[in-house]
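Visitor: with the sequence up front, the predicted model follows.
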Amino acid sequence: MLSWLWHSSGLRWFVVLVSGGFLGKLRWFPSMTLVWPQRCRRRWLSAGNESRSEEETRRREDFDIEVVIGVGSGGADDWRRIVKEKAVVFVDLRPSKFNFSSSLSFLDLSRNSFTSSMILQWLSNVTSNLVELDLSGNQLNGEIPESNKLPSLLESLSMKSNILEGGIPKSFGNACALCSLDMSNNSLSEEFPLIIHHLSGCARFSLQELNLKGNQINGTLPDLSIFSSLKILDLDGNKLNGEIPKDIKFPPQLEELDMQSNSLKGVLTDYHFANMSKLDFLELSENSLLALAFSQNWVPPFQLSYLGLRSCKLGPVFPKWLETQNQFLDIDISNAGIADMVPKWKDTYIHGISSSSSSIAIEKQQLNR
């Protein structure tokens, strides 16, 4: 039941009290933002004990509307003490009662004790305008049911740091507004080509960031060039394996690619990196069976600020294409099988030293000056 304890045309502050069996006995959790009324700007107010990152603070520091969410036995008097003389609203969040379909845009339910991924289905039914949803740091477990559909306007979904298994349902690939999907630090074990296939609906046009770091995803790399808007792809710390096909390409808009600490093998060539003019961050370290072999006079279409090829097969000749890179801030090509003269580069010899503009690690190799 939704009861307004106080209301006026100038309503700016209000508090939501969560109750009902659906949420159960949870601890207090950080606030969410309710975009209502829309004529006001929004401001973030944290009611939890956890400190928020500077990035999150900056992202929400312009907000004016404040929504504080709590769970437990606290009554009206407790809430009045929290907000003093500000407006107070009590809301019953039982599935049969709760409906903010025209107003709720940002919802942060992170760091709680939710266990069922069916919460996605429930939220989709009651929040048609949801744009950002954070379910990270809960206890969501098992496979995400294929029946779970995302809200049609959802742009950002984080389910990182849970205990989810299996893969990503096809319904996620049909979320046409989805820009950011963070499923990192779970126990996903599906083959990567199947995951990509499931995301190849209309989401392939909108998705800009895909974070699958720290799972158990296996299989080799499929063609990713169909993801025309993808800027960040993080596959660090999975179980990717198998030969990389010679005819696949990466997304043309990709800026950051992290595939370190897998078991990829085969050869990456200039063909794979064609048309990648925006690539800035490339991390392939700890793929000991992965080789990079580029044409002798190849000039990459990109300028990297970071390169990690530690323990990959890069030598024995010092890669000439590296000399075309003038924006490096950090480069790690240690233990990459190089046994060659180190060229004079960026006004200094790169010999495992740090200069004013770059940090370069190339130790554990037979380098000569």
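Guide: Great, that's in hand.
Visitor: please enumerate the helices of the stretch 101-250 of the chain.
Guide: Using DSSP state H, counting those that start in this stretch, the helices of the stretch 101-250 of the chain run over 119-126, 170-173, 192-198, 203-206.
Visitor: looking at these, spot the one closest to M159.
Guide: Within those, the stretch nearest M159 is helix 119-126; the backing value is 8.6 Å (Cβ to Cβ). No exception for glycine: its C-beta is placed from N, CA and C like everyone else's.
Visitor: quick one: average pLDDT of the closest one?
Guide: For helix 119-126, mean pLDDT is 83.
Visitor: could the helices of the stretch 101-250 of the chain be laid out in CSV, adding distance to D247 and mean neighbour count?
Guide: Below are the helices of the stretch 101-250 of the chain laid out as CSV (distance: least, Cβ to Cβ, whole Å; neighbours: other Cβ atoms under 10 Å):
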stretch, distance to D247, mean neighbour count
helix 119-126, 36, 18
helix 170-173, 23, 20
helix 192-198, 14, 19
helix 203-206, 19, 18
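Visitor: so which of those helices gets nearest G337?
Guide: That would be helix 192-198 among the helices of the stretch 101-250 of the chain, by Cβ to Cβ, at 26.6 Å.
Visitor: which residues are contacting the closest one?
Guide: With contact meaning Cβ atoms under 8 Å, 6 or more residues apart in numbering, helix 192-198 is reached by 167-170, 172-173, 188, 212, 217-222, 224, 235, 238, 240.
Visitor: and those residues, which of them are buried?
Guide: Listed as buried from the contacts of helix 192-198 are 167-169, 172-173, 188, 212, 217-222, 224, 235, 238, 240; burial here means 16 or more other Cβ atoms under 10 Å.
Visitor: ends of stretch 163-179, how far apart?
Guide: Length of stretch 163-179, first residue to last, Cα to Cα, to the nearest Å: 23 Å.
Visitor: hmm, I was thinking of stretch 226-243
Guide: So stretch 226-243: terminal residues 20 Å apart, Cα to Cα.
Visitor: can you check stretch 303-313 too?
Guide: Terminal residues of stretch 303-313 are spaced 21 Å apart (Cα to Cα).
Visitor: want to throw the helices of the stretch 101-250 of the chain into TSV with distance to N287?
Guide: Formatted as TSV, these follow (distance: least, Cβ to Cβ, whole Å):
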stretch	distance to N287
helix 119-126	34
helix 170-173	27
helix 192-198	14
helix 203-206	26
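Visitor: and of the ones you listed, who's closest to D270?
Guide: Closest among those, using Cβ to Cβ: helix 192-198, at 22.8 Å.
Visitor: restricting to C-alpha, output the closest one in PDB.
Guide: Only the C-alpha atoms of helix 192-198 are listed here, as PDB (Å, rounded to 0.1, in the frame of the first residue of the first chain):
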ATOM      1  CA  PHE A 192      32.000 -17.600 -25.400                       C
ATOM      2  CA  PRO A 193      30.700 -18.100 -29.000                       C
ATOM      3  CA  LEU A 194      27.300 -19.000 -27.500                       C
ATOM      4  CA  ILE A 195      27.300 -16.000 -25.200                       C
ATOM      5  CA  ILE A 196      28.000 -13.800 -28.200                       C
ATOM      6  CA  HIS A 197      25.300 -15.500 -30.200                       C
ATOM      7  CA  HIS A 198      22.800 -14.800 -27.400                       C
END
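Visitor: what's the end-to-end length of stretch 160-172?
Guide: Where stretch 160-172 begins and where it ends lie 15 Å apart, using Cα to Cα.
Visitor: what average pLDDT does that stretch get?
Guide: For stretch 160-172, the per-residue pLDDT averages 97.
Visitor: what stretches of the protein score poorly on pLDDT?
Guide: 1-103, 345-369 (pLDDT under 70).
Visitor: for L164, see how far away N141 is.
Guide: To L164, N141 is 7 Å away according to Cβ to Cβ, to the nearest Å.
Visitor: I meant N125, not that one.
Guide: N125 sits 21 Å away from L164, going by Cβ to Cβ.
Visitor: do the same with E323
Guide: Where L164 is concerned, E323 sits at a distance of 44 Å (Cβ to Cβ).
Visitor: who has more neighbours out of these two?
Guide: When E323 and L164 are compared on other Cβ atoms under 10 Å, the one with more neighbours turns out to be L164, at 23 against 13.
Visitor: surely that one is in contact with G142?
Guide: Yes. Assessed by Cβ atoms under 8 Å, L164 is found in contact with G142 at 7.2 Å.
Visitor: got a list of what the closest residue to L268 other than its chain neighbours touches?
Guide: In space, and not counting its chain neighbours, L268 is closest to L292: 5.1 Å by Cβ to Cβ, 6 or more residues apart in numbering. Going by Cβ under 8 Å, 6+ apart, L292 touches 267-269, 284, 309, 312-314, 319.
Visitor: and the furthest pair within those?
Guide: Counting by Cβ to Cβ, the most remote pair of the contacts of L292 is T269 and L309, 14.5 Å apart.
Visitor: please tell me which one of the contacts of L292 counts the most neighbours.
Guide: Neighbour max across the contacts of L292 (other Cβ under 10 Å) = L309, 25 neighbours.
Visitor: how close does it sit to N215?
Guide: From L309 to N215 the distance is 23 Å (Cβ to Cβ).
Visitor: what does D236 give?
Guide: On the measure of Cβ to Cβ, D236 and N215 end up 10 Å apart.
Visitor: between those two, which one's more packed in?
Guide: N215 (25 against 18).
Visitor: show me what the residue lying closest to the more buried one once chain neighbours are set aside bridges to in the sheet.
Guide: Closest residue in space to N215, ignoring its immediate chain neighbours: L188 at 4.1 Å, by Cβ to Cβ, 6+ apart. With DSSP bridges as the criterion, L188 is bridged to G166.
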